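**Q** coords below, sequence missing:
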Ligand SMILES: Cc1ncc(C[n+]2csc(CCOP(=O)(O)OP(=O)(O)O)c2C)c(N)n1
Ligand SMILES: [Mg+2]
């Protein structure tokens, strides 16, 4: 994909494929027979859809980063480098809007989860601008839309786990074959509510998937400062929930692991967990990138920078046997790359047009100040 010198992490600006990592990516696709089976169910259109989702996610981040630099907004929470954890998982679900599965993203997954569940990108961007025509009417940047199967993020980390249990409980009580899915950051696992959520889901055998998104950092605290074991492998056993490890920078691995987890939940077996190891390539938000760079060694940024989930997937698709062209004769790699370039142009146009529309809303559709107390609930002091 095109790289953006002013907004991308430097490791992405100078990104070039690492042959060893590309080979590893391809090997991983067939390493686990169950996951390989799920990946094989993807048609070439399914692969391109995943690719489109990853691009949307990165390009929405680019728009937000640009708006910060231009002074349109004060800051933005980005998922750069972690797109596969969100996009792979969401694409594995039943996305029939309000009749299908439900997701509860955290701020790191919010943009990707929303647009891949069907919330228009313009709505997401409007949320950042607090316009009246944004999904929550300009009241909160924690955006979601129940009509699309997205419960908005809750600012207090881990609180969403217990709320998503409510969705899962409703599905179970109504005997609907639907699942809930939520992401819990490595930092959020240290909040008591995460444990309430895991225990409750296990005890009531709820159809919910918890993705522990281990990006190795919580705000400015490295995971090795807040978590003693090297990973979260034993956490599933602690709650009696089966846990799979997945590569958070490998969109197909995330897709397959989530498909298996969803199948397990849908069959009435109770909750499932996935630990997705990844790395936050930016700051907690756009305001603390410098601090984030000081939190980890440059080598670690380089190591994870080489694992750009979009670059890796692109190279895999280009070199694979998967025909993205619909049967065009000739050099398949060349044609696959041309197809991906076309998709990229389409996504660029989609995101840019959404950004323009959102900026128009900012001029025309800010909420009326008389509505400030609308949907605000408070006890009146006696
Ligand atoms: C209960 C609670 N405590 C503290 C905060 C402030 N806070 C916001 S994000 C964050 C770090 C979250 O880290 P993690 O769960 O690893 O998610 P990440 O930001 O890495 O995606 C903290 C401490 C909060 N929002 N809620
Ligand atoms: Mg984290």
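**A** Thanks, I have the structure now. Worth saying up front: this structure is predicted, and the values here are computed from it rather than measured. Ligands and ions are numbered 1, 2, ... in the order given.

**Q** could you find the closest non-adjacent residue to the residue of the stretch 101-250 of the chain found nearest ligand 1?
**A** Going by CB to the nearest ligand atom, ligand 1 is nearest to residue 185 of the stretch 101-250 of the chain, at 2.0 Å. Any C-beta I mention is one placed from the backbone N, CA and C, and that applies to glycine too. Using CB to CB, 6 or more residues apart in numbering and skipping residues adjacent in sequence, the residue nearest residue 185 is residue 213, 5.4 Å away.

**Q** so what pLDDT did that neighbour get?
**A** Looking at residue 213, its pLDDT stands at 98.

**Q** who's in contact with the most centrally placed residue in the chain?
**A** Ranked by distance to the mean C-alpha position of the chain (CA atoms, centre = their mean), the top residue is residue 86 at 2.3 Å. Contacts for residue 86 (CB atoms under 8 Å, 6 or more residues apart in numbering) come out as 57, 79, 105, 108, 109, 112, 113, 116, 183.

**Q** can you map out the helices along the stretch 101-250 of the chain?
**A** 110-117, 121-129, 159-173, 192-203, 223-226, 235-239 (DSSP state H, counting those that start in this stretch).

**Q** residue 57 and residue 28: what is the separation?
**A** 21 Å (CB to CB, to the nearest Å).

**Q** more neighbours: the two, which one.
**A** Applying other CB atoms under 10 Å to residue 57 and residue 28 shows that residue 57 carries more neighbours, namely 28 against 19.

**Q** roughly how far apart are that one and residue 380?
**A** 43 Å.

**Q** now swap in residue 206 and tell me
**A** 37 Å.

**Q** one more: residue 11?
**A** The value you get for residue 11 to residue 380, if CB to CB is used, is 54 Å.

**Q** comparing the two, which shows the higher neighbour count?
**A** Neighbour tally, residue 11 and residue 380, criterion other CB under 10 Å: the higher count belongs to residue 11, 18 against 4.

**Q** what sits against the more buried one?
**A** Per CB under 8 Å, 6+ apart, neighbours of residue 11: 281, 301, 302, 304, 305, 306, 308.

**Q** 7 Å instead, please
**A** Contact analysis of residue 11 by CB atoms under 7 Å, 6 or more residues apart in numbering lists 301, 302, 305.

**Q** ranking those residues by neighbours, who comes first?
**A** Most surrounded of the contacts of residue 11: other CB under 10 Å gives residue 305, at 21 neighbours.

**Q** isn't that residue right up against residue 12?
**A** Yes. The criterion here is CB atoms under 7 Å, and residue 305 meets it with residue 12 at 6.3 Å.

**Q** could you tell me which residues touch both of these two?
**A** Common contacts of residue 305 and residue 12 (CB under 7 Å, 6+ apart): none found.

**Q** get me the contact residues on this structure for ligand 1.
**A** 108, 155-157, 185-188, 191, 215, 217-219, 280, 284 (CB under 6 Å from any ligand atom).

**Q** just the buried ones from these?
**A** 108, 157, 185, 186, 187, 188, 191, 215, 217, 218, 280, 284 (16 or more other CB atoms under 10 Å).

**Q** hey, where'd the strands end up in the stretch 151-300 of the chain?
**A** With DSSP state E, counting those that start in this stretch as the criterion, the stretch 151-300 of the chain has strands at 180-185, 208-214, 217-218, 221-222, 243-247, 272-277.

**Q** export those as TSV, with columns for distance to residue 149.
**A** Formatted as TSV, the strands of the stretch 151-300 of the chain follow (distance: least, CB to CB, whole Å):
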stretch	distance to residue 149
strand 180-185	9
strand 208-214	14
strand 217-218	27
strand 221-222	32
strand 243-247	22
strand 272-277	18
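
**Q** turn those into a markdown table, including distance to ligand 2.
**A** Listed next are those as a markdown table, based on distance: least, CB to the ion, whole Å:
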| stretch | distance to ligand 2 |
| --- | --- |
| strand 180-185 | 4 |
| strand 208-214 | 6 |
| strand 217-218 | 5 |
| strand 221-222 | 9 |
| strand 243-247 | 16 |
| strand 272-277 | 11 |
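
**Q** who wins for proximity to residue 195 among those strands?
**A** Nearest to residue 195, of all these, is strand 180-185, at 10.5 Å by CB to CB.

**Q** and that closest one, how far out from the chain's middle?
**A** 10 Å (CA atoms, centre = their mean, to the nearest Å).

**Q** let me know the average pLDDT across that strand.
**A** Mean predicted confidence for strand 180-185 is 98.

**Q** okay, now the unreliable bits of the protein?
**A** 379, 382 (pLDDT under 70).

**Q** near ligand 2, which residues of it are found?
**A** 185, 186, 187, 215, 218 (CB under 5 Å from the ion).

**Q** measure the last one to residue 141 for me?
**A** Just to be clear, that refers to residue 218. 20 Å.

**Q** if I look at the residue nearest to residue 81 when sequence neighbours are not counted, how far off is residue 11?
**A** Distance criterion CB to CB, 6+ apart; nearest residue to residue 81, sequence neighbours excluded, is residue 281 at 3.3 Å. According to CB to CB, residue 281 stands 7 Å off from residue 11.

**Q** likewise residue 372?
**A** For residue 372, the distance to residue 11 - CB to CB - is 44 Å.

**Q** next one: residue 184
**A** 27 Å.

**Q** in JSON lines, list the contacts of residue 11 along with secondary structure.
**A** Compiled in JSON lines, these are given as follows (DSSP: H, G, I helix; E, B strand; the rest coil):
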{"residue": "301", "secondary structure": "helix"}
{"residue": "302", "secondary structure": "helix"}
{"residue": "305", "secondary structure": "helix"}
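
**Q** fine by me, thanks again.
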